[in-house]
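**Q** quick one, fold the following:
(one chain, ligands or ions: 2)
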Amino acid sequence: MLAKTGVPAREQLELIQPPAGHQGPVAVIECFQEIPCNPCSEACTRGAIAPFTDINNPPVLIRENCNGCGNCMFRCPGLAIFVVDETYSDTETLVKIPYEYLPLPQENTEVIALDREGKAVGPARVLKVQQAKAMDRTALIWLAVPKELGMTVRNIKVER
Ligand code: SF4
Ligand code: SF4
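**A** Ligands and ions are numbered 1, 2, ... in the order given. Okay, the predicted model is just below:
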């Protein structure tokens, strides 16, 4: 499925989703193909992405070292890393997505949440738009989404 559509299969996603009951924000690395790439590992100063023994290998997250900071997200050329916090609140999950489109969303507004295939799946509240010179043109958008959509929402539509 991934090679044809660019969308990972359910079995692949099950391997990388945070375990039930995980407390706090944590990276979800949706990178499954063998490609010569490793800036995510170099970006993580907490040793939460294992050093690559072969640059073609997919990244390996050491979840207990990850605090969900997002530093690896804007270094990933494939925009394949997200951060999910299923304990954000009783009703909402925090999802951080990398975003390179314009216009950027405005903080404290509502946008349309999209799944991996670009299908609208519900509303999302924009909590924060994180930008910095070091992040080049990749912003990190912090979203609060309905509780059950943490492993579904991977993009947004911003109304102009
Ligand atoms: S979110 Fe932060 S701590 Fe987690 S893997 Fe990425 S850079 Fe490392
Ligand atoms: S930087 Fe992104 S595309 Fe490259 S190996 Fe890491 S997760 Fe995969």
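
**Q** show me where this protein has its strands.
**A** In the chain, the strands defined using DSSP state E lie at 26-29, 81-85, 92-99, 110-114, 120-130, 139-146, 155-157.

**Q** in PDB, please show the C-alpha coordinates belonging to the second one.
**A** Coordinates of each C-alpha in strand 81-85 appear next as PDB, following Å, rounded to 0.1, in the frame of the first residue of the first chain:
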ATOM      1  CA  ILE A  81       7.600  12.500  12.000                       C
ATOM      2  CA  PHE A  82       4.700  13.600  14.200                       C
ATOM      3  CA  VAL A  83       4.200  14.000  18.000                       C
ATOM      4  CA  VAL A  84       1.200  12.700  19.700                       C
ATOM      5  CA  ASP A  85       0.000  13.200  23.300                       C
END
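
**Q** who does it touch, helix- and strand-wise?
**A** strand 26-29, strand 92-99 (3 or more C-beta pairs under 8 Å, 6 or more residues apart in numbering; DSSP states H and E). Every C-beta, even on glycine, is put in place using the N, C-alpha and C of the backbone.

**Q** how about residues contacting the last one?
**A** The one in question is strand 92-99. Identification of contacts with strand 92-99 by C-beta atoms under 8 Å, 6 or more residues apart in numbering yields 25, 68, 70, 73-74, 76, 79, 81-86, 88, 105, 124-125, 127, 130, 138-150, 153-156.

**Q** what angle do that strand and strand 81-85 make?
**A** 160 degrees (axes from the mean of the first three to the mean of the last three C-alpha atoms, to 10 degrees).

**Q** strand 92-99 pairs with which strands, parallel or anti?
**A** With DSSP bridges as the test, strand 92-99 is paired with strand 81-85 (antiparallel), strand 139-146 (antiparallel).

**Q** in TSV, list those along with mean pLDDT.
**A** TSV is the format used below for the strands paired with strand 92-99 (pLDDT from 0 to 100):
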stretch	mean pLDDT
strand 81-85	98
strand 139-146	98
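
**Q** distance of Pro19 relative to ligand 2?
**A** Separation of Pro19 from ligand 2 (C-beta to the nearest ligand atom, to the nearest Å) stands at 20 Å.

**Q** I meant Val121, not that one.
**A** Look at Val121 and ligand 2: by C-beta to the nearest ligand atom, they are 23 Å apart.

**Q** can you say which of the contacts of strand 92-99 are buried?
**A** In the contacts of strand 92-99, burial by neighbour count holds for 25, 68, 70, 73-74, 76, 79, 81-86, 88, 105, 124-125, 127, 130, 138-146, 149-150, 153-156, counting by 16 or more other C-beta atoms under 10 Å.
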